[in-house]
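Colleague: Okay, predicted coordinates and the sequence, questions at the end:
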Amino acid sequence: MVLVQPLVSTAAISHTGQPTGAGFDLLLLFHGACALVGIGTVVVSGTQAWRLGALPAGSETPVSIRRYYTPGFNWAARVLYGVPVFGFALLGASKGAYGLGQGWVMIGLTIWVVVIGLGEGLLWPLERRLAEAVSRSDGGERGAEVASTSRSAWLTASGMLVLLVVAMVIMFARP
């Protein structure tokens, strides 16, 4: 006989105080996956900006950089918005085991707000500027503005990455 467990169990907290159940586990999986994909997109953004900025003047822009900086909206990076969505769902599914009153939750949420602010305010607009510049240039026609914008994008992505790693450590440690 196969037993099917409901998505949110009435006995959702184990004897150790850790919420359990398939629903909680799925929410945790989605929360973590959004964080990992978000970190990946920030790493790729920073890496491509660094690569573009490091090209010698007059050199041909590699196809991989041209492809990355195709004009358009960076939808993959917006996966970062799923982190708090699933985080709040986890708080609700924890049946009171976790809450906004806990310091580690508020620290993680604060870091996320800063990361999204950096992304929306700096990194993603810089990426759009780089995409426009790369699409306008004929291979090696990159100027000082592209080098400066690339450096700013790389530094912003690096800062975001550090903050995301700190948030991830805090989420695991739950101090």
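Modeller: Right, received. Where do you want to start?
Colleague: Need the residues that contact stretch 151-163.
Modeller: Under the contact criterion Cβ atoms under 8 Å, 6 or more residues apart in numbering, stretch 151-163 has outside partners 39, 42-43, 45-46, 49-50, 53, 111, 114-115, 118-119, 122-123, 126-127, 130. Quick note: C-beta positions are derived from backbone N, CA and C, even for glycine.
Colleague: Just give me the neighbour total for Gly21.
Modeller: 20 (other Cβ atoms under 10 Å).
Colleague: Ends of stretch 52-72, what's the gap?
Modeller: End-to-end distance for stretch 52-72, by Cα to Cα, to the nearest Å: 18 Å.
Colleague: Make sure Thr61 is actually in contact with Leu52.
Modeller: Yes - look at Thr61 against Leu52 with Cβ atoms under 8 Å: they come within range, at 7.3 Å.
Colleague: SS state for the residue nearest the centre of the chain?
Modeller: Relative to the mean C-alpha position of the chain, the nearest C-alpha, by Cα atoms, centre = their mean, is the one of Gly38, at 2.4 Å. Of the three states, Gly38 takes helix under DSSP: H, G, I helix; E, B strand; the rest coil.
Colleague: Next: Leu80.
Modeller: Three-state assignment for Leu80 (three-state DSSP): helix.
Colleague: okay, now it: neighbour count?
Modeller: 22.
Colleague: show me the contacts for it.
Modeller: Going by Cβ under 8 Å, 6+ apart, Leu80 touches 34-35, 38, 41, 112, 115-116, 119.
Colleague: Dump those into CSV; add secondary structure and distance to Met160 as well.
Modeller: Shown next, in CSV, are the contacts of Leu80 (DSSP: H, G, I helix; E, B strand; the rest coil; distance: Cβ to Cβ, whole Å):
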residue, secondary structure, distance to Met160
Cys34, helix, 15
Ala35, helix, 12
Gly38, helix, 9
Thr41, helix, 10
Trp112, helix, 11
Val115, helix, 5
Ile116, helix, 9
Gly119, helix, 6
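Colleague: quick check, nearest of the residues you listed to Gln102?
Modeller: Trp112 (15.1 Å; Cβ to Cβ).
Colleague: The closest one against Val83, yeah?
Modeller: Yes - between Trp112 and Val83 there is a contact at 5.9 Å, judged by Cβ under 8 Å.
Colleague: These two: which has the busier surroundings?
Modeller: The neighbour count for Trp112 versus Val83, taken as other Cβ under 10 Å, is higher for Val83 (27 against 20).
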